[in-house]
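Enquirer: sequence and predicted structure, then a few things I'm wondering about:
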Amino acid sequence: MKEVLRHTGWMVVRQARNLMREPIWIAMMVIQPMLWLVLYGQLFSKVTPLRAGAGSYVEFLTPGVVCMNAFFGGTWGGMAMITDLDRHVVDRFLAAPASRFAIVLSQVVRAGITAILQALILLLVGLALGVRVHGGALGWLIVFAASALLAMVFAGFSNGIALLLRREASMIATANFVGLPLMFLSSILVSVALMPGWIRAIARFNPVNWGTRAARNAIVVGGSWGPTGLYLVFLAVAVAATSLFATWCFRAYQRSI
Amino acid sequence: MDAIVAEDLRKRYKDVQALDGVSFAVRDGEVFGLLGPNGAGKSTTVRTLTTLTQPDSGRALVAGEDVVRHPNRVRRTIGYVAQDSGVDWEATGRENLLLQGRIHGMAGAPLHRRVDELLELVGLRDAADRIARGYSGGMKRRLDIAIGLVHRPRVLFLDEPTTGLDPEARVAMWVEVERLAEQENLTILLTTHYLEEADRLAERVAIVSRGKVVVEGTPEELKAGLRGELVTVELGDVDGRVEHAVELVRSAAGATEVAGDGQFLRARVPNGAHAIPTILGALDSAGFAVSSVTTSRPSLDDVYLHYTGRDFASEDEEGKQ
């Protein structure tokens, strides 16, 4: 166990360091969420019912964009695995006594850390646009937890798919196929009250929606901690499930070589 | 003691029998070459010995440990330089080495000292802190070798170490491997589909063909096993009558192992100078035009032809498809 954590740590450091060397990636990571926030915030600012009691649509939207970024980031997480497979870095680790679980887990953890950084940037931009985090310090922590867990749920899924498909084009198609529908089947853009009944029914089982509702309770409501805690627990269980899926896919990859 | 023992290894991928009973042994401290064309099963053999691939049956010991039962013990004693570079392109040479060392449980000053030593050894000291993406093919290959050596393995696997390198870099790599075998006191298992490479580097070779070891020995032993000389006749116009030409040469003085391949006829004879006039006479009287005749001392190429009944180059092409 200690070895798994130590190896995961080193591998996360490796991935984070490699990403930090990509200035375009950093710029996109910072600018894109801001664009979402400003554009959507302006586009829908006149539609009062959308915001469901929030001080402004931007305030309503901030937790949504935080979660959107987190889960989109997660769905693309498998691309790094494909690069490592293509460059035979994975095989190099496999021929060494590297923890097998750490190879997968490090990708998932890295997605979580990225999501937290993006959430921080978004909250700061939100504050500048007049958003208040009604949940206080606990609210901030919940937003970070929700975004990290959400990113990890989808990173686990994405890494599993990457290990099964092992091709970039297929991976991109899958990420798109999964990403957009899940966004519209959640309360990222509109409140649950405004959803048609059938979407609301599906949204209840959508991890994206769990994260969004937890983050929205933390920012807009500043309360309902009971349901919020439950959403976080659901998300944690989903992280475990998709990480196990990714691990299973990793075993399948090992058997295939 | 033997550093590597492979006993009757078998492995099947869907409809390809990659290993069909591979057996050989590598002695402690020697450079051993697995020689064969593309698709012969060399890489699968190496992947099995390095614990990446599970054999369907058979047994393999590396440094005395069973690769299936105690894979992690094997991984600690081996260095593996795969056919395809495992370098992390976005990290520096030094970072690549440090991470590999940490995976092997090394840390602190000893790790850093070892990394410096290896960077020096493979001639990457000046490039150590540059991102590997900018390295040339030869530099990446040398970094791969350093990565394989970080933890001071006893056995080093080099899978096609010079494939994809230009001739100059290839010769440099040969010098490198020879030096490593000496300095690091290693047992090296090397796979190659370059006959000259095996001839130059390996103390003993095993020739692999279609998932089996067909012969094992020192290059000299294998070549000595083929007595006589090889005569190659290039015919001007065979016109589909190559089989007839083969028959003619076979019945000519003392020729053995006659084979036709397109316009070329190859025959093994005890003495080239005596046999050539007879062969040419026989061909001439049957109306064959001869473009050229050459004789050569046996090479590993001939050894390959002798033991597999197939020409190395054409087999190699076949394996690529």
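Expert: Looks like it arrived, so ask away.

Enquirer: C-alpha only now, for contacts and for neighbours.
Expert: Fine.

Enquirer: can you give me the helices in chain B?
Expert: Applying DSSP state H to chain B gives helices spanning B:42-49, B:71-77, B:93-103, B:108-121, B:137-149, B:167-183, B:195-201, B:219-224, B:242-251, B:272-285, B:300-308, B:312-320.

Enquirer: show the average pLDDT along the last one.
Expert: To tie it back to what came earlier, the one meant is helix B:312-320. If you average the pLDDT over helix B:312-320, you get 65.

Enquirer: go ahead and confirm residue A:154 touches residue A:69.
Expert: No. The pair residue A:154 / residue A:69 is not scored as a contact, 11.4 Å apart, by C-alpha atoms under 8 Å.

Enquirer: briefly note if stretch A:3-10 comes near chain B.
Expert: Yes. Counting by C-alpha under 8 Å from any C-alpha of the partner chain, chain B has neighbours in stretch A:3-10: A:7, A:10.

Enquirer: contacts made by that stretch with the rest, please.
Expert: Stretch A:3-10 is contacted from outside by A:98-99, A:101-103, A:105-106, B:99, B:102-103, using C-alpha atoms under 8 Å, 6 or more residues apart in numbering or on different chains.

Enquirer: repeat for stretch B:202-221
Expert: The contact list for stretch B:202-221 (C-alpha under 8 Å, 6+ apart) reads B:17-24, B:30-37, B:39-42, B:190, B:198-199, B:222, B:300, B:304, B:307-308.

Enquirer: by mean pLDDT, show me the worst of the helices of chain B.
Expert: helix B:312-320 (a mean of 65).

Enquirer: could I get the contacting residues of residue 34?
Expert: By default, I'm working from chain A. A:122, A:125.

Enquirer: oops, wrong one, chain B.
Expert: Contacts of residue B:34 (C-alpha under 8 Å, 6+ apart): B:42, B:189-192, B:198, B:205-208.

Enquirer: same question for residue B:297.
Expert: So residue B:297 contacts B:228-230 (C-alpha under 8 Å, 6+ apart).

Enquirer: format these as a markdown table; extra columns: distance to chain A and neighbour count.
Expert: As requested, those are exported to a markdown table (distance: C-alpha to the nearest C-alpha, whole Å; neighbours: other C-alpha atoms under 10 Å in any protein chain shown):
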| residue | distance to chain A | neighbour count |
| --- | --- | --- |
| B:228 | 44 | 17 |
| B:229 | 43 | 19 |
| B:230 | 41 | 25 |
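
Enquirer: pull up the residues of the stretch 101-250 of chain B that are close to chain A.
Expert: B:102-104.

Enquirer: now do 6 Å
Expert: Contact residues (C-alpha under 6 Å from any C-alpha of the partner chain) of the stretch 101-250 of chain B with chain A: residue B:103.

Enquirer: nearest to chain A: which residue in the stretch 101-250 of chain B?
Expert: residue B:103 (5.5 Å; C-alpha to the nearest C-alpha).

Enquirer: ok, the closest residue to that residue other than its chain neighbours - how many residues close by?
Expert: The shortest distance from residue B:103 to any non-neighbouring residue, by C-alpha to C-alpha, 6 or more residues apart in numbering or on different chains, is to residue A:98 (5.5 Å). Using other C-alpha atoms under 10 Å in any protein chain shown, the number of residues around residue A:98 comes to 24.

Enquirer: residue 153 - how many residues pack around it?
Expert: Chain wasn't specified; assuming chain A. 29.

Enquirer: not quite, go with chain B.
Expert: Neighbours of residue B:153 under the rule other C-alpha under 10 Å: 20.

Enquirer: one more: the one 10 residues further on?
Expert: Residue B:163 sits with 15 neighbouring residues when counted by other C-alpha under 10 Å.

Enquirer: what's the answer for residue A:7, then?
Expert: Residues near residue A:7, counting by other C-alpha under 10 Å: 25.
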